[in-house]
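*Asks:* Dropping the sequence and predicted coords here.
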Amino acid sequence: MQGLQQGLQQGTVQGQRLFLESLLKIRFGSLDAELLAIIPPLLKLPLDECSRLSLQLSREELIARFSRTEN
């Protein structure tokens, strides 16, 4: 049962990552190294907040805000 729960959790995280990657590609055309680097810290946020920020902030604002959090 625990293995099933872990598998479901991993699937959820992977689905959220794919959603975020798709959203960023639609907004910015492609995913370069800077955008790929901010995906992990963005995914630490609740999905609705992550989505809202990804839609509202500019590319530069996203990179400035979330590249700082990993350092």
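*Replies:* Yep, it's here.

*Asks:* in the chain, which residue is closest to the centre?
*Replies:* Most central in the chain under Cα atoms, centre = their mean is I39, positioned 3.7 Å from the mean C-alpha point.

*Asks:* so it touches L20, yeah?
*Replies:* Yes - at 5.9 Å, I39 and L20 qualify as touching, with contact defined as Cβ atoms under 8 Å. In short, each C-beta sits where N, CA and C put it, glycine included.

*Asks:* Now do the contacts for the most far-flung residue of the chain relative to its centre.
*Replies:* Relative to the C-alpha centroid of the chain, counting by Cα atoms, centre = their mean, M1 is the outermost residue, at 28.3 Å. With contact set as Cβ atoms under 8 Å, 6 or more residues apart in numbering, M1 has no partners.

*Asks:* What separation is there between it and G7?
*Replies:* Note on M1: its distance to G7, by Cβ to Cβ, to the nearest Å, is 11 Å.

*Asks:* Check L18 too.
*Replies:* 16 Å.
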